[in-house]
Every structure is written in structure tokens, then in C-alpha cells.
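Undergrad: Here is a sequence with its predicted model. Questions after.
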Amino acid sequence: MNFKDFIKKVDELKSLKLGGLDAQFKMAPKLRLKYNKDKIDANNPRKAAVLALFYPDENNKTKLLLTQRASYKGTHSAQISFPGGKVEKSDTSLKETALREAQEEVGIHPSTVNIIRELTDVYIPPSNFLATPFIGFVDKKPLLVINHEVDRIIEVFVSDLLDDVNITTVNLTTSYMKNIDVPCFNIDNHIIWGATGMMLSEIKELLK
């Protein structure tokens with residue numbers, strides 16, 4: 001997708017009806033499907049927010065920013081995610097959380113980001129977080145500087161996200177599940193699943 005075409009769609013994206021859980025659950029692991037709203041509320045999940053950032057590359061093609069987390073002794077070690085994290089006491093809103101985390105993790109200054117809208121919350125059972133995604137854009141390719149929480153930057157062409165050929169299923173074993181088939185996006189050999197895959201599924205439907 002050409003970035004000029006993406007910018008033309010921004011006003012429409014602000015008002016389109018979200019796909020919500022129906023869109024997310026197309027890419028949800030079976031583990032996630034066990035949790036309805038009452039069960040999520042009973043778990044009193046911690047709040048978090050992430051930023052899905054669009055920008056042009058050097059050929060004016062639209063890209064979406066993802067990161068691969070650094071390896072650590074934790075639930076989401078080395079997984080692919082959006083820049084983001086938990087709400088801090090100093091944050092005045094979930095949007096501020098998403099922008100602050102994006103600045104800390106990949107060096108995106110909040111003043112350069114045009115927030116388009118908030119998307120549907122995603123519950124993450126293994127870590128008991130309720131994450132709120134925000135989509136936004138910057139007008140030119142950003143200079144990305146990663147911190148210790150990030151192993152590397154992953155840039156996805158929006159055209160690849162929209163291509164159904166990149167949807168598949170993989171068998172995974174993690175610290176909290178064994179030998180489980182999960183739906184995922186396989187883009188440039190990057191396996192994107194779980195909460196990030198669910199968020200991408202809603203973004204994909206919105207863009208289509």
C-alpha cells in the first residue's frame with residue numbers, strides 16, 4: 001500500500017466500526033477462547049497499552065512497526081509484539097502509556113505521532129494483562145533506537161499483512177503451553193501469534 005493511499009484512508013479509519021472480538025478471535029489461540037468478560041474481570045488484570053505505528057519507507061510504501069522482545073526469564077521472552085507495556089502511575093491515560101513505551105523502547109517521540117484511534121482491548125492470560133492497542137502514524141520513516149527490552153526491529157509491509165497467503169497455523173511449545181496448534185501470521189519468516197496476532201487481525205479487517 002502506497003503511503004499516500006494510507007493517509008487518504010485515515011479519516012475513514014477513525015469512523016469505521018471495529019471488528020472487535022470477532023476479528024481478534026480469528027487469530028486467537030484456544031487458550032484465549034476460554035476467557036469471557038466475567039472471567040477476565042474476576043482476574044482483575046493489569047492494564048497495558050501498545051502502539052501500532054504506520055510510516056512510509058524510502059519507496060513510500062506503508063510499513064507497520066513490530067519488535068522482537070529480548071530474551072529474559074519471563075512469559076513473553078523473545079516474542080514478537082508491538083512497542084508497549086504496563087501503565088505507570090505517572091501516566092494520565094492509556095494513550096500516554098502507549099506513546100511513552102514506544103519512546104522508551106524504540107525512540108519514537110510522542111510529539112511526532114498522529115494517533116488515529118483506540119482499538120479493542122486484548123486479554124493476555126499468561127501474564128494477566130489487558131492491553132489496549134492504539135493505531136497511529138508518523139509522516140516519515142522514523143529513526144529507531146532500541147533499548148534493552150528489545151532484541152530487534154521488525155518492519156512489516158501493510159500489503160503483506162493484508163495478503164491472506166500469510167495466514168497459517170504452527171505448533172508451538174512455550175513456558176505455559178505444550179504442543180499446541182495456534183493460528184499466526186507468517187510474514188518474512190516471522191511467526192506472529194497470540195495477542196499481537198489478534199491485534200493484527202483487527203487492524204487487517206479495519207484496513208480492508
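TA: In hand now; what should we look at?
Undergrad: Hmm, residue 61 is touching residue 4, no?
TA: No. Contact criterion C-beta atoms under 8 Å: residue 61 and residue 4 do not qualify, at 10.5 Å. All C-beta atoms are positioned from the backbone trio N, CA, C, and that covers glycine.
Undergrad: Just want to know which of these two has more residues nearby.
TA: residue 61 (14 against 10; other C-beta atoms under 10 Å).
Undergrad: ok, how many other residues are close to the nearest residue in space to residue 208 that is not next to it in sequence?
TA: Nearest residue to residue 208 in three dimensions, chain neighbours excluded: residue 162, at 6.3 Å (C-beta to C-beta, 6 or more residues apart in numbering). Other residues within reach of residue 162, judged by other C-beta under 10 Å, total 14.
Undergrad: quick one: residue 162 and residue 203 touch, right?
TA: No. Applying C-beta under 8 Å as the test, residue 162 and residue 203 come out as separate, 9.7 Å apart.
Undergrad: unless I'm mixing things up, residue 95 is touching residue 117, no?
TA: No. Contact criterion C-beta under 8 Å: residue 95 and residue 117 do not qualify, at 10.1 Å.
Undergrad: quick one: common contacting residues for those two?
TA: Counting by C-beta atoms under 8 Å, 6 or more residues apart in numbering, the common neighbours of residue 95 and residue 117 are residue 134.
Undergrad: quick one, which of those two is more surrounded?
TA: residue 95 (18 against 15).
Undergrad: contacts for whichever strand or helix holds that one?
TA: If you go by DSSP states H and E, residue 95 is part of helix 94-106. Helix 94-106 is contacted from outside by 47-51, 53, 65, 67, 83-88, 91, 108-110, 113, 115, 118, 132-134, 142, 144-147, 149-150, 153, using C-beta under 8 Å, 6+ apart.
Undergrad: Buried members of these into ChimeraX, please.
TA: A single ChimeraX command selects the buried members of the contacts of helix 94-106 (16 or more other C-beta atoms under 10 Å):
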select :48,49,50,51,53,65,67,83,84,85,87,91,108,113,115,118,132,133,134,142,144,146,149,150
